[in-house]
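Undergrad: got a sequence here, can you model it:
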Amino acid sequence: MKNIVFVILDEFADWEAAFLSSALNDKNITKNYTTNFASIDKNLKKSMGNLKVLPDLTLKEIDENDVDGLVLIGGRTWRSQIEETNTKIVELVKKFKNNPNKVVGAICDAAYFLATNGLLNDRKHTVNSFDEIKDNSNYTNSKNFVEMESVIDGNLVTAKGDSPIHFAKNVMMALGDIPEKNVNLFFDIYTIGFVKAFEKISK
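TA: Coordinates of the predicted model:
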């Protein structure tokens, strides 16, 4: 089994995790994945929609040797964490990003976090708003910004916060071992609807 860890902070955007986490736990899509949630501590985390999640792991407990993908979920507090938390997350992302057998995903303000910490300077990427990152001193890769819902570059996936379905699809594609027809069916169900999605695969 492969393990994907979702990193959430207080006031995380619950919809940004929902599609991907449910897809990875859907045996009709893939039988090979488990998911866990991690945060700065194991205290209850409340989402923007008042969904309460008890993290399985702390950031310190994430072992890249036992985890196949790191998914950073956006929210309201990515820009207000203490420096120690920021450093831990940056170092974690670097370990996963530098390993071609691992996948890193970041959506919404988590993608902003990567950009403003210099972690998107070597990849094609997207964020919610290019204007928010273009003048940041740690960001030097405007030529590779792509105005799309979600972007894959190697083992890195970024997405805008209004595109959780595109994000889920691209992370699953980046993982590399989920049948493409299953990924496309998932995507079609949430974009063109159940009836048309299943009509499409029956043709």
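Undergrad: do you know how far residue 94 is from residue 201?
TA: 39 Å (C-beta to C-beta, to the nearest Å). To be clear about C-beta, it is placed using only N, CA and C from the backbone, and glycine gets the same treatment.
Undergrad: mind checking which of those two has more residues around it?
TA: The neighbour comparison of residue 94 against residue 201 (other C-beta atoms under 10 Å) goes to residue 94, with 14 against 11.
Undergrad: any idea which helix or strand carries the more buried one?
TA: Using DSSP states H and E, residue 94 sits in helix 83-97.
Undergrad: so which elements touch the helix or strand that that helix is followed by?
TA: Going down the chain from helix 83-97, the next helix or strand is strand 103-107, by DSSP H and E. Contact here means 3 or more C-beta pairs under 8 Å, 6 or more residues apart in numbering; DSSP states H and E; on that basis strand 103-107 packs against strand 69-72, helix 83-97, strand 156-159, helix 164-175.
Undergrad: kindly state the pLDDT recorded for the residue of the chain most remote from its centre?
TA: Distance from the C-alpha centroid of the chain peaks at residue 203, with 32.4 Å (C-alpha atoms, centre = their mean). The model reports residue 203 with a pLDDT of 76.
Undergrad: all the helices of the protein, in order from the start?
TA: For the chain, the helices defined by DSSP state H cover 14-24, 83-97, 109-116, 130-133, 164-175, 180-191, 194-202.
Undergrad: those into a markdown table, with extra columns for distance to residue 60?
TA: Output for these, formatted as a markdown table (distance: least, C-beta to C-beta, whole Å):
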| stretch | distance to residue 60 |
| --- | --- |
| helix 14-24 | 21 |
| helix 83-97 | 7 |
| helix 109-116 | 18 |
| helix 130-133 | 28 |
| helix 164-175 | 24 |
| helix 180-191 | 32 |
| helix 194-202 | 41 |
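Undergrad: by mean pLDDT, show me the worst of the ones you listed.
TA: helix 194-202 (a mean of 89).
Undergrad: how about that helix: buried residues?
TA: The neighbour-count check on helix 194-202 (16 or more other C-beta atoms under 10 Å) flags residue 197 as buried.
Undergrad: among the helices and strands packed on strand 103-107, which is the most enclosed?
TA: Most buried of the helices and strands packed on strand 103-107, by mean neighbour count (mean count of other C-beta atoms under 10 Å): strand 156-159, with a mean of 30.
Undergrad: which ones are touching the residue lying closest to residue 33 once chain neighbours are set aside?
TA: Distances taken as C-beta to C-beta, 6 or more residues apart in numbering place residue 24 nearest to residue 33, at 4.2 Å, with adjacent residues excluded. For residue 24, the contacting residues are 4, 30, 33-35, 172, by C-beta atoms under 8 Å, 6 or more residues apart in numbering.
Undergrad: noted, bye for now.
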